[in-house]
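> need the 3D shape of this:
(one chain, ligands or ions: 2)
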Amino acid sequence: MISSSSCSFLSNSAVAGSRSICGGAQRKGPSSPFRVVCLAPSNDRSGSVVLDSPAAVKKEQIRNEPTSVPDTAEEEQVSAGGPRDVYGEDRATEDQFVTPWNVSVASGYTLLRDPHFNKGLAFTEKERDAHYLRGLLPPTVISQETQVKKMIQHVRQYQVPLQKYMAMMDLQERNERLFYKLLIEHVEELLPVVYTPTVGEACQKYGSIFMRPQGLYISLKEKGRILEVLRNWPEKNIQVIVVTDGERILGLGDLGCQGMGIPVGKLSLYTALGGVRPSACLPITIDVGTNNESLLNDELYIGLKQRRATGQEYAELMHEFMTAVKQNYGEKVLIQFEDFANHNAFDLLEKYRSTHLVFNDDIQGTASVVLAGLVAALKLVGGNLADHRFLFLGAGEAGTGIAELIALETSKQTNAPLEEVRKNIWLVDSKGLIVNSRKESLQHFKKPWAHDHEPVHRLVDAVNKIKPTVLIGTSGQGRTFTKEVIEAMASINEKPIILSLSNPTSQSECTAEEAYKWSQGRAIFASGSPFPPVEYEGKVFVPGQANNAYIFPGFGLGLIMSGTIRVHDDLLLAASEALAAQVSEENFEKGLIYPPFTNIRKISAHIAASVAAKAYELGLATRLPQPKDLVKFAESCMYTPAYRSYR
Ligand SMILES: O=C([O-])CC(=O)C(=O)O
Ligand SMILES: [Mg+2]
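Ligands and ions are numbered 1, 2, ... in the order given. You can find the predicted model right below:
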């Protein structure tokens, strides 16, 4: 729903009307930059009828996007008319309040200020005439390609990563298509800017760099009104929501409402890496307070200044949110839980996995990407998963999530029971090795990993006792893979596999340089946040990036394009296998266990296709009939950031 403020979109040249609407609905060729506006200066919700505007729906068609009008019981109940009588026309009475919506063409100054339609200097002479832009731009006309060149130079001129981040955010707010073209074409260079590690710093400093709100904020103040809040979002056709409550942002801890940088960043990757169109993506931050003292005392803090709500209060707000999302967007909207603290992450996933299309990126996305890396690494070190022994530092979402997916895959491969294969997987938490004698006091998600062993307190002792072939860091604590630890791994294994997964770079368990140097160049290393190549004794080592960004965009695309309604573990395994299959001989020769991000859209299409194929096989996909070539279909579903031509 466009709010009352969007009345300002009423252009000086409003050529609204059905003629333009029909023309705009053509799939190919030039389009008009339509806007939906209300003719009254208020977003009238005071009446007994709360209705979505049909114009907003038409706007979606105009943007060449499939129309989906939520066909919810609530809607029918409200309008008391026939199915999809969104505007209450079937039983119209004079005492029903509605907002008189209309469609107009954005032009002139308004058009330049609209990030969805703005093309800056790339507006052609014809467009400048037709859309009242004469004089509002300098006379030169340049192509989008030239704009990309100009922008990458602009971003490169900044030395400080946070400044690069702000330049990118500024572009996203100004010219969305240029932002995505730039990001797609320079993905390796810009990923560390819009994503980890820089996004971590951006969240820490969100209060002071905050210019314009992005995403949707739902706080305790909105309790009881979440459906209304969702309807304030201008886009109706949402396919993916990334939601956080900010309690465990990367390995940086509780950043409260400032965690918004994460859903915003993840969703730009959904578009750039997975091709989900930006208008279908909705970043949400749930603000239930923060326990971060320095934020509570910071006058620039943007969130609720109170300690975190917990227990029933928290559960009720989340439940209202989950219900409202399904009510507003239907069964097939994907909800990605991101950066919740352990104690809520596992419970939320468990509670909603059977009623909603949900997955937790930190538990399941990370697991899928790490399993892919391990499967690929086996080509370098030999053996099957069952032949290896795994030791984790960190037994939270990522640690136990990865451990479980490894166990699941091993069990499938060997037909051995899950309980049996789990015995090859060991976890160390802040209290030491997880062993049976600790079982009583363990949190429920750690219990399956308690095995028979005497207590061991230090990681290095655990390495020496368990003798793992694979060491995985998911502790959220930097510099915990010490020289001693890496040397112990290198003394046990010819080629130790070392994954240092915590983000951002400051929290990485060790650096790439340390891993290679302390293992005398023998480690197979990957990290959650990127490290540059390392030269050791005349040889260049290229570390891989074991980050869930490889998986979630393609995974989400696969779910969306097949209309899948629930996430099943087999879909994660399918994504994992598809990613591992994308590592080429050439990559292996360089010691890489992940393909480079430069090919990520192709990789995402393969992941999406495998996920969709599995969903069809399991009967979870609702888009029928199943497309013959799922890879081609995935590619055809991907958003292209090229400019449109405006008639
Ligand atoms: O955001 C990232 O880079 C990976 C991730 O999900 C996390 O560390 O929480
Ligand atoms: Mg995360």
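
> Glu299 - how many residues pack around it?
Using other C-beta atoms under 10 Å, Glu299 has 6 other residues around it. For every residue, glycine as well, the C-beta is placed using N, CA and C.

> for it, give me the backbone phi and psi.
Geometry field for Glu299 lists phi and psi as phi -70, psi -20, criterion degrees, to the nearest 10.

> just the one 10 residues further on next, same as before
Comment: the main-chain dihedrals of Ala309 come out as phi -70, psi 140, following degrees, to the nearest 10.

> and it, how many residues sit next to it?
With other C-beta under 10 Å as criterion, Ala309 counts 19.

> and the most centrally placed residue in the chain, what does it touch?
By C-alpha atoms, centre = their mean, the chain has its centre lying nearest to Lys266, at 3.2 Å. By C-beta atoms under 8 Å, 6 or more residues apart in numbering, the residues touching Lys266 are Tyr195, Val242, Pro283, Gln336, Glu338, Asp361, Phe552.

> now, these that are in strands?
Residues of the contacts of Lys266 located in strands (DSSP state E): Val242, Pro283, Gln336.

> between these, which is nearest His154?
His154 has its nearest neighbour among these in Pro283, at 24.7 Å by C-beta to C-beta.

> was I right to think the closest one contacts Gln214?
Yes - assessed by C-beta atoms under 8 Å, Pro283 is found in contact with Gln214 at 6.6 Å.

> more neighbours, these two?
Pro283 (24 against 19).

> residues touching Lys614, list them.
His568, Asp570, Leu571, Leu573, Ala574.

> what's the PyMOL line that selects buried ones from those residues?
Of those, the buried ones go into a single PyMOL selection, burial set by 16 or more other C-beta atoms under 10 Å:
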select buried, resi 570+571+573+574
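
> wait, which of the contacts of Lys614 is closest to ligand 2?
Leu571 (18.8 Å; C-beta to the ion).

> got the contact list for the residue nearest to Leu133 when sequence neighbours are not counted?
Of all residues not flanking Leu133 in the chain, Phe123 sits nearest, at 5.6 Å (C-beta to C-beta, 6 or more residues apart in numbering). Contact analysis of Phe123 by C-beta under 8 Å, 6+ apart lists His131, Leu133, Leu137, Val141.

> need the contacts of Lys614 in CSV with secondary structure, distance to Ala642 and pLDDT, can you?
Output for these, formatted as CSV (DSSP: H, G, I helix; E, B strand; the rest coil; distance: C-beta to C-beta, whole Å; pLDDT from 0 to 100):
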residue, secondary structure, distance to Ala642, pLDDT
His568, coil, 36, 97
Asp570, helix, 36, 97
Leu571, helix, 31, 98
Leu573, helix, 35, 97
Ala574, helix, 31, 98
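
> between the contacts of Lys614, which is nearest Phe179?
Among these, and counting by C-beta to C-beta, the member closest to Phe179 is Leu571, at 30.0 Å.

> I'd say the closest one and Gly554 touch.
No - look at Leu571 against Gly554 with C-beta under 8 Å: they stay out of range, at 11.3 Å.

> list the residues that contact both of the two?
Joint contacts of Leu571 and Gly554 (C-beta under 8 Å, 6+ apart) are Val611.

> report the separation between whichever residue of the stretch 501-647 of the chain sits closest to ligand 1 and Thr244.
Ligand 1 sits closest to Asn503 of the stretch 501-647 of the chain, with a gap of 3.6 Å, by C-beta to the nearest ligand atom. Separation of Asn503 from Thr244 (C-beta to C-beta, to the nearest Å): 14 Å.

> and the helices in the stretch 201-350 of the chain?
Counting by DSSP state H, counting those that start in this stretch, one finds helices in the stretch 201-350 of the chain at the ranges 206-209, 226-232, 261-274, 293-296, 311-329, 342-352.

> so what's Phe445 up against?
So Phe445 contacts Asn342, Phe346, Ala395, Thr400 (C-beta under 8 Å, 6+ apart).

> run through the residues of this protein sitting next to ligand 1.
Residues of the chain lying close to ligand 1 by C-beta under 6 Å from any ligand atom are Thr196, Leu250, Asp339, Asp361, Asp362, Asn503, Gly528, Asn547, Asn548.

> 5 Å instead, please
Counting by C-beta under 5 Å from any ligand atom, the chain comes close to ligand 1 at Thr196, Leu250, Asp362, Asn503.

> give the closest residue to the second one in space, chain neighbours not counted.
The spatial neighbour of Leu250 that comes closest, neighbours along the chain excluded (C-beta to C-beta, 6+ apart), is Asn503 at 4.2 Å.

> tell me which helix or strand the one you found sits in.
Per DSSP states H and E: Asn503 is located in neither a helix nor a strand.

> can you tell me how far it is from Ala549?
When Asn503 is compared with Ala549 (using C-beta to C-beta), they lie 11 Å apart.

> now whichever strand or helix holds Asp129: mean pLDDT?
Assigned by DSSP H and E, Asp129 falls within helix 125-130. Per-residue pLDDT over helix 125-130 has a mean of 96.

> buried residues, that helix. List them.
For helix 125-130, by 16+ other C-beta under 10 Å, it's Glu127, Arg128, Ala130.

> so which residues of the stretch 501-647 of the chain form strands?
524-527, 534-536, 539-541, 544-545 (DSSP state E, counting those that start in this stretch).

> again with the stretch 351-500 of the chain
Going by DSSP E, counting those that start in this stretch, the stretch 351-500 of the chain shows strands at 358-360, 390-393, 425-429, 432-433, 470-473, 497-500.

> ok, the fifth one: who's next to it in the sheet?
Same thing as strand 470-473. Strand pairing for strand 470-473, using DSSP bridges, gives strand 390-393 (parallel), strand 497-500 (parallel).

> repeat for the shortest one
Taking DSSP bridges as the criterion, strand 432-433 forms sheet pairs with strand 425-429 (antiparallel).

> export the strand it pairs with to PDB, keeping only CA atoms.
C-alpha atoms of strand 425-429 as PDB (Å, rounded to 0.1, in the frame of the first residue of the first chain):
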ATOM      1  CA  ILE A 425      31.500 -35.900  14.800                       C
ATOM      2  CA  TRP A 426      32.700 -34.000  18.000                       C
ATOM      3  CA  LEU A 427      31.900 -30.600  19.200                       C
ATOM      4  CA  VAL A 428      33.700 -28.300  21.600                       C
ATOM      5  CA  ASP A 429      31.900 -25.400  23.300                       C
END
